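Visitor: Please work out how this folds:
(2 chains)
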Amino acid sequence: MFGKRTNVVALLLLLCTGVLAPVSAQMDDEVSILYWQAASILNPYLSGGTKDLHASSIILEPLARYDENGGLVPTLVDEIPTLDNGGISEDLTSITWTLSEGLLWSDGTPVTSADVVFTWEYCVHPDAGCNALSNFADVENVEAMDDLTVTVTFSVSKPFPYGPFVSQVSPIIQAAQFADCVGANAPNCTDQNFGPTGTGPYMVEEFRANDVITYVPNPNYREEGKPYFQRVIFKGGGDAESAARAVLETGEADYAWNLQIAPAVLNSMEAAGNGTVVVAYGTGVERLMMNQTNPDPDLGEDRSIYMGGDNAHPFLTHDAVWQALSMAIDRNVIAGQLYGAAGRASCNVLAAPAIYASMANDGCLTQDIAGANALLDEAGILDSDGDGVRELDGVPLRILYQTSTNAVRQSTQALIKQWWAEIGVETELRNIDAAVFFGGDPASPDTYGKFYADIEMYTNGFSGTDPESYMGNWVCGEVSGPDNNWLGNNIPRWCNMDYEALVEQMSQTAAIEDRASLAMQMNDMLVTSGIMIPLVHRGDVSAIANSLDGVRMNAWDSELWNIADWTRMG
Amino acid sequence: MGQYLVRRLLISIPTLLVISLVVFAILELSPADPVGNLPLTIPPEVREQIREAMGVNDPFLVKFAKWLRQFMVNEPLNIFEEITGLNFAPPLSLAQEDLISTGEEGYGELASSLSADIQSTGRSVILDGQAQELFRSDRQFFLEDSSNSPLFLNEFANGTVGRELSNDNIDVPEGELLPLHKSRLRYLSWQTRSPIIDLVIERTPQTLWVVGLSYLAAIFVAVPIGVIQAYRQYSNFDRFSTVFATVGFSVPTFFIGLLFIYFFSVQLGWFPSIYDTTHVVTDLDSFLFQMRQSIMPVTVLALFYMALLSRHTRSSMLENLKLDYVRTARSKGIAERRVVGHHALRNSLIPVVTLIALGIPGVFQGAIITEQIFRVNGLGQLLIIAIQGGDLPTVQTLTFIFAVLNVFFNIVADVLYAVLDPRIRYT
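Guide: As a prediction, this is how the structure comes out:
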């Protein structure tokens, strides 16, 4: 009896020592990447978001991509076509790319211009539901001139023709693999969508949708000796905080993406010394959108409808009001306390790339509540009935302020509500689930496009580095309303002919300096007309283990854009 | 009993139909948009096209009918055919003149006007007087002639069938023909664009291992604890276990989970906080790793189930220990161990066993939050991601599978009750 018990205890002890052995450090030949939103699909043209684009950017490559400074890097070509080297036609309506010699797909077959042409056909097929369609806007034809040369022709002049086949959004897919997946068949090709053949440094070994992806090196990768890891594990699930912990505290992972967590928490994790937090600022700016139309529920069908300018907002269109609202906000407090590394105060809606960022509005960085009160007093907007809320022509300054449900946004709302109370403006706060708020259901009253509120807050930006189409969002034709199912891009419902002229002028201008000056003028106009109140220029935050070398955090393309160069230090 | 069982099973069919209709109707009213989470840089007209391609805009009844057919008929048939190798697809009746020769080595092309005929799933067709095999994939037909060269015909979105130009120069080797079990329309997730049933099958092992293991562990620990508690009522052990159970039951699993991660992963570094779903057990080392990565989620969940089960065992045991038959047994001089372990325990377990059976659907649902914390990407996490992404087909299917399990284990519990307690008879 006694002996038997000793045996059991010994066995248990043995098991325990095995089980309790310290969690082993990462294998030298394996890199583990944590995305708390798991990848659902590896076909970027059918993807549901950034995580899928990043996961597929390891396999599929575009002709050219952006580096961490927003510059174009040739990827499947030897040089970027420009006006100077004759790659772009004089009339700006065509661009000719020449593929590098000897490129192979991971299955060993050659990459040809037919694959590029096929990629275009695949995406623009009317039944495909391709989400990179705007990259192919105005493309009239894509033609293979020979095996390696392909010419993209536009129906209008394109001063910035780097939309098609550039960046993670628009990589080249293999014609042979996707031939039967065109149009309505696209979603049915599960094998292809889960394991595309690519030219990137790694290829898929196993794909588990919404869980984990295992990559192995591509034997036909164009750069000799690369990539350096024998395996890449792309794990999804969980939440941002535990992802940060796994890299910074426990050292279980090498890279964690999109760490939108409280700055204090992130800092204390970083103090553990296992890794570092890196930030890249892209184009995203958190801003307040100011409704230029009247959202009064009593108007029924007509609420928040532009109606040719006849339905103006009762007080937000008054200069003193929006100026005072903007002056009362301390952007540095919002950025510093709520965003931390992930944001910096901004007075521009076009805050990056650096050459497009205007300096003219930086005065907004200083909070001035006294000044805001004085401004309103001067304009005769006073609290005449003593209820603490000022009135303009008898209309009290009561604001309904909505945004999506998100801890940082609700904290921002609370801070702003408090500051506005100090200048005699009463604010009602509302938050809506992101899938509804950003969803396009024309039957829902809660979408950002319907804008049944006075002010709403969200982040907007653009992909790539060229702001032309982004700045074109606020033209009269884009005013959101019933005629476009509330899907128009001009959310504030603002219409200005001078602005329209600048947009038109930009579409005809090729020189980068002139484009920059035009974009800055447009930005200044938006900000000084009270259409938007910019708050925070948002950055992408990731964490990298100290032992991982070669990561160049990138806000202009996939964060994993240079994964071929990643190595283990020491 | 047999009659009762048949009746219960028959009643469960309309029950499930009503459940599925209600689930469908509720989700239809949900304002979640599957493209709502796409970056704002994607313009609205593109979003609308994506929605259109997903079939989001189909009318409610069309979606429901499609789902019923795909889920109730197609998927079970697919699974059955895959297992047995049989094929139930009826032959396609197409006359020779239905095929218009293109002069391309005798291949034919289906006239677009005949699309209606081809909708009726089938796989053989007469071409040039010879029987040919016609394979059907989701929207594609493969026609094989005697030389085994496939012909591709696409079913376009407008319902017509024809040949698409892009297929002209593609050589597809014989082996590339789709296997027959894929030849029916499958129910696709909006997020992954892949068949939902495949996702469910891929996810089930993780959930069964982690949640099932914790359930088993809880049963084996909770029952003895409950028995001892009842036998030594108001002893220190009873008091301690009661406090423990109350804590386990009332402190949410996500909180205990975080505490565990903090102590065992961050501070001590004993266990990984990330569960590796691709890990395969091949030898002792990999088994130990599997144990190590499972310990935290299993313990957290087991604590919860244990608290529940031990309380029930205790109260049921207390009730039985007071009864006359126990006193009789003792007065007959039967050993105490046998009185408690044999007579009292067996009777006390009747309600506990039914409780355990009713809890099994919960095992499949995965402890949603615990799976999320430890990144055990099982069924629970699949459901959460689908809800967040507005992936209604996945939510519908998972909810319905859970409903089926609930209905089924309710029947099992009722039957078990009758088996364990001879006093209960169903007629």
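Visitor: residue ranges of the helices in the stretch 151-300 of chain B, please?
Guide: Using DSSP state H, counting those that start in this stretch, the helices found in the stretch 151-300 of chain B span residues B:196-207, B:213-231, B:236-250, B:253-260, B:284-321.
Visitor: so what does the third one touch, helix or strand wise?
Guide: Contact here means 3 or more C-beta pairs under 8 Å, 6 or more residues apart in numbering or on different chains; DSSP states H and E; on that basis helix B:236-250 packs against helix B:213-231, helix B:284-321. In short, each C-beta sits where N, CA and C put it, glycine included.
Visitor: got the buried residues for it?
Guide: Neighbour-count burial for helix B:236-250 flags B:238, B:241, B:242, B:245, B:248 (criterion: 16 or more other C-beta atoms under 10 Å in any protein chain shown).
Visitor: Same list (these) but as CSV, adding pLDDT.
Guide: What follows is the buried residues of helix B:236-250, written out as CSV (pLDDT from 0 to 100):
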residue, pLDDT
B:238, 90
B:241, 89
B:242, 89
B:245, 86
B:248, 82
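Visitor: Going by distance to residue A:445, which of those wins?
Guide: Nearest to residue A:445 among the buried residues of helix B:236-250: residue B:248, at 44.0 Å, using C-beta to C-beta.
Visitor: Residue B:209 reaches residue B:291, doesn't it?
Guide: No - under the criterion of C-beta atoms under 8 Å, residue B:209 makes no contact with residue B:291, lying 10.9 Å away.
Visitor: Give me the nearest residue to residue B:49, chain neighbours excluded.
Guide: residue A:129 (5.1 Å; C-beta to C-beta, 6 or more residues apart in numbering or on different chains).
Visitor: which residues does that neighbour contact?
Guide: A:46, A:186, A:187, B:49, B:50, B:51, B:52, B:53, B:54 (C-beta atoms under 8 Å, 6 or more residues apart in numbering or on different chains).
Visitor: Who wins on neighbours among those?
Guide: Counting neighbours by other C-beta atoms under 10 Å in any protein chain shown, the top entry in these is residue A:46, with 26 neighbours.
Visitor: what's around the residue lying closest to that one once chain neighbours are set aside, how many residues?
Guide: Among residues not flanking residue A:46 along the chain, residue B:193 sits closest, at 5.7 Å (C-beta to C-beta, 6+ apart). Residue B:193: 24 surrounding residues under other C-beta under 10 Å.
Visitor: ok, so what distance separates residue B:193 from residue A:129?
Guide: Going from residue B:193 to residue A:129 by C-beta to C-beta, to the nearest Å gives 10 Å.
Visitor: now do residue A:151
Guide: For residue A:151, the distance to residue A:129 (C-beta to C-beta) stands at 27 Å.
Visitor: now swap in residue A:94 and tell me
Guide: Residue A:94 is 28 Å from residue A:129, by C-beta to C-beta.
Visitor: centroid residue for chain B?
Guide: Central residue of chain B (C-alpha atoms, centre = their mean): residue B:200, 5.0 Å from the mean position.
Visitor: pLDDT value on the closest residue to chain B within the stretch 1-150 of chain A, please?
Guide: Nearest residue of the stretch 1-150 of chain A to chain B: residue A:129, at 2.7 Å (C-beta to the nearest C-beta). Among the per-residue scores, residue A:129 shows a pLDDT of 77.
Visitor: What strand or helix carries it?
Guide: Counting by DSSP states H and E, no helix or strand carries residue A:129.
Visitor: Ok, residue A:435 next?
Guide: Using DSSP H and E, residue A:435 falls in helix A:434-437.
Visitor: Extract the CA atoms of that helix and return them as PDB.
Guide: Taking C-alpha atoms only, helix A:434-437 is exported to PDB below (Å, rounded to 0.1, in the frame of the first residue of the first chain):
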ATOM      1  CA  ALA A 434     -19.000  50.200 -34.800                       C
ATOM      2  CA  ALA A 435     -20.600  47.600 -37.200                       C
ATOM      3  CA  VAL A 436     -23.800  49.700 -37.200                       C
ATOM      4  CA  PHE A 437     -22.300  53.200 -37.100                       C
END
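Visitor: what pLDDT, on average, does that helix get?
Guide: Computed over helix A:434-437, the mean pLDDT rounds to 80.
Visitor: so what secondary structure elements neighbour that helix?
Guide: Contacting helix A:434-437 under the criterion 3+ C-beta pairs under 8 Å, 6+ apart are the following elements: strand A:398-404.
Visitor: which outside residues touch whatever helix or strand comes next after the strand it packs on?
Guide: For strand A:398-404, the following helix or strand on the C-terminal side (DSSP H and E) is helix A:407-422. Outside helix A:407-422, the residues within contact range by C-beta under 8 Å, 6+ apart are A:260, A:262, A:286, A:325, A:328-330, A:333-334, A:338-339, A:367, A:369, A:373, A:388, A:399, A:401, A:403, A:426-427, A:429, A:431, A:457, A:535.
Visitor: for residue A:286, helix, strand, or coil?
Guide: Using DSSP: H, G, I helix; E, B strand; the rest coil, the structure places residue A:286 in strand.
Visitor: mind listing what it touches?
Guide: Counting by C-beta under 8 Å, 6+ apart, residue A:286 touches A:343, A:412, A:457, A:458, A:459, A:534, A:535, A:536, A:538.
Visitor: Output these in CSV; the columns should cover distance to residue A:221 and secondary structure.
Guide: Listed next are the contacts of residue A:286 as CSV, based on distance: C-beta to C-beta, whole Å; DSSP: H, G, I helix; E, B strand; the rest coil:
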residue, distance to residue A:221, secondary structure
A:343, 37, strand
A:412, 45, helix
A:457, 44, strand
A:458, 40, strand
A:459, 36, strand
A:534, 42, strand
A:535, 43, strand
A:536, 40, strand
A:538, 34, strand
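Visitor: Among these, name the buried ones.
Guide: A:343, A:412, A:457, A:458, A:459, A:534, A:535, A:536, A:538.
Visitor: Return the distance of the first one relative to residue A:267.
Guide: Distance of residue A:343 to residue A:267, computed by C-beta to C-beta: 14 Å.
Visitor: Also the last one?
Guide: Here the criterion is C-beta to C-beta. By it, residue A:538 lies 18 Å from residue A:267.
Visitor: The second one now?
Guide: Look at residue A:412 and residue A:267: by C-beta to C-beta, they are 20 Å apart.
Visitor: Over to the third one?
Guide: Look at residue A:457 and residue A:267: by C-beta to C-beta, they are 25 Å apart.
Visitor: Same question for the fourth one.
Guide: For residue A:458, the distance to residue A:267 under the criterion C-beta to C-beta works out to 26 Å.
Visitor: And for the fifth one?
Guide: For residue A:459, the distance to residue A:267 (C-beta to C-beta) stands at 23 Å.
Visitor: did I read that right, residue A:31 in a strand?
Guide: Yes - assigned with three-state DSSP, residue A:31 falls within a strand.
Visitor: Of all residues in the stretch 301-450 of chain A, which one is closest to chain B?
Guide: residue A:439 (2.6 Å).
Visitor: What of the stretch 451-570 of chain A?
Guide: For the stretch 451-570 of chain A, C-beta to the nearest C-beta, closest residue to chain B: residue A:487, 3.1 Å.
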